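Novice: pasting a predicted model and its sequence here:
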Amino acid sequence: MNKNICFPKSSFTVKQLLFVILFLESLAITIAITKAITLGISPKTFFGEVNRGGFITYISCLQLLIAAVLSKMISKIVKSAQQLSNSRWFWLIIFWGLLFLTLDDLIGIHESLDYWLHNLFQFKETKLSDLADDLIVGGYLVIFLIYVAFQWQIIKGFRQSFIWFKLGFILTAVMVVLDMASNNTLFVSMMTDDVDLASAIQQWLGVIEDSAKIYAEGMFIVGIYKCWQIAKISRNN
C-alpha cells in the first residue's frame with residue numbers, strides 16, 4: 001500500500017499543484033461572486049460566516065487543514081532525515097498553529113477575543129476600537145514571523161520553498177489591510193460621503209480581502225508541499 005496516499009505520484013510537481021490550487025480557488029471565488037450578483041445580494045455574502053451560507057469559509061478551513069496535515073507529515077519525515085531532524089519541533093508547532101487558525105476561521109476566535117477585551121476594559125465601541133479584531137489577526141502574522149526569525153538556522157534547509165511563503169505573507173498582509181478597511185467605515189468615509197457608494201466599496205473590499213486570504217492559503221500549501229518534497233529527498237539521501 002502506498003504510504004503517501006495524499007500525494008501518490010512522485011511526478012506531481014509544485015507547478016502542477018500550484019495550477020490545480022489556483023484553478024479551484026478562482027473557480028470557487030467566481031461562483032461565490034456570480035451567485036451573489038445573480039441573487040441580487042451582497043457580493044460578500046458567500047464569503048461570510050458559515051452559519052450564514054459562507055461556503056468560502058469552508059474552503060478556507062479545508063486549505064488550512066491540508067497545510068496542517070502536510071506539516072504533520074513533514075515532522076514525521078524529518079525524524080529520519082539527518083540534515084533536517086532538528087526541524088521536527090518547528091513543523092509540529094506549525095501543525096498546531098494551523099489547527100488553531102482553522103478553528104479560528106470556523107468559529108471566529110479572534111472576534112470573540114475582541115468582544116471579551118471590549119467588555120474587560122469597558123471600551124466604548126468606536127471606529128478605532130472596532131479595528132481590534134483586525135489587529136489581532138495582524139498579530140498572528142507578526143508572531144509567526146518572529147517565530148520564523150528565531151528558527152531561521154533550523155529551517156534554512158527548506159530555502160527552496162521560501163518564494164511561496166513570501167507570496168503567502170504578502171497576500172496575508174494585503175488581507176489584513178483590506179480587512180481593516182472593509183470591516184470599518186473609518187477608512188471608506190475618508191473616500192466618499194455617499195452612504196450607498198461607501199457601503200458598496202466596503203462590500204467589494206471585503207470580497208477582495210477574503211479572496212486574498214484564500215490565495216494566501218494556497219501559496220502556503222504549495223510552500224509546505226515543497227518542504228515535504230525536500231524532506232523526502234533528504235531522508236532518502
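Specialist: Structure received. What you are looking at is a predicted structure, and each value in this text was computed from that prediction instead of being measured. Numbers count the residues shown, from 1 in each chain.
Novice: other residues contacting stretch 226-237?
Specialist: 7, 14, 70, 73-74, 77-78, 80-84, 157-158, 160-161, 164 (C-beta atoms under 8 Å, 6 or more residues apart in numbering). C-beta: built from backbone N, CA, C; applies to glycine.
Novice: please apply the same query to stretch 195-202.
Specialist: For stretch 195-202, the external contacting residues (C-beta under 8 Å, 6+ apart) are 181-182, 185, 188-189, 191-192.
Novice: farthest pair within those residues?
Specialist: S182 and T192 (14.5 Å; C-beta to C-beta).
Novice: which helix or strand contains I31?
Specialist: In this assignment (DSSP states H and E), I31 forms part of helix 14-39.
Novice: pass me the low-pLDDT residue ranges in the chain, would you?
Specialist: Residues of the chain meeting the criterion pLDDT under 70: 1-11, 50-53, 110-134, 184-186.
Novice: all helices of it, in order?
Specialist: Assigned by DSSP state H, the chain shows helices spanning 14-39, 55-77, 88-107, 109-120, 132-150, 152-155, 162-182, 185-188, 195-236.
Novice: buried residues in the third one?
Specialist: Just to be clear, that refers to helix 88-107. Using 16 or more other C-beta atoms under 10 Å as the burial criterion, the residues of helix 88-107 that qualify are 88, 90-91, 94-95, 97-99, 101-102, 104-105.
Novice: what's the angle between it and helix 132-150?
Specialist: Helix 88-107 runs at 170 degrees relative to helix 132-150, counting by axes from the mean of the first three to the mean of the last three C-alpha atoms, to 10 degrees.
Novice: swap in the second one?
Specialist: In this structure, helix 55-77 runs at an angle of 20 degrees to helix 132-150, with the same axes, to 10 degrees as the basis.
Novice: buried set for helix 55-77?
Specialist: Across helix 55-77, burial judged by 16+ other C-beta under 10 Å covers 55-57, 59-61, 63-64, 66-68, 70-75, 77.
Novice: and that helix, how far from the chain's centre?
Specialist: Taking C-alpha atoms, centre = their mean, to the nearest Å, the mean C-alpha location of helix 55-77 is offset from the chain mean by 10 Å.
Novice: on contacts alone, who are the packing partners of that helix?
Specialist: Helices and strands touching helix 55-77, by 3 or more C-beta pairs under 8 Å, 6 or more residues apart in numbering; DSSP states H and E, are helix 14-39, helix 88-107, helix 195-236.
Novice: which stretch among these comes nearest A173?
Specialist: Per C-beta to C-beta, nearest to A173 of the helices and strands packed on helix 55-77: helix 195-236, 8.9 Å.
Novice: what is the orientation angle of the closest one with helix 14-39?
Specialist: Using the same axes, to 10 degrees: helix 195-236 against helix 14-39 is 160 degrees.
Novice: for the helix holding I31, the distance to its chain's centre please.
Specialist: 16 Å.
Novice: in it, what counts as buried?
Specialist: 14, 17-18, 21, 25, 28-29, 32-33, 36.
Novice: any chance of those residues in CSV, plus distance to I233?
Specialist: CSV is the format used below for the buried residues of helix 14-39 (distance: C-beta to C-beta, whole Å):
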residue, distance to I233
V14, 13
L17, 16
L18, 19
I21, 22
E25, 28
A28, 32
I29, 34
A32, 38
I33, 40
A36, 44
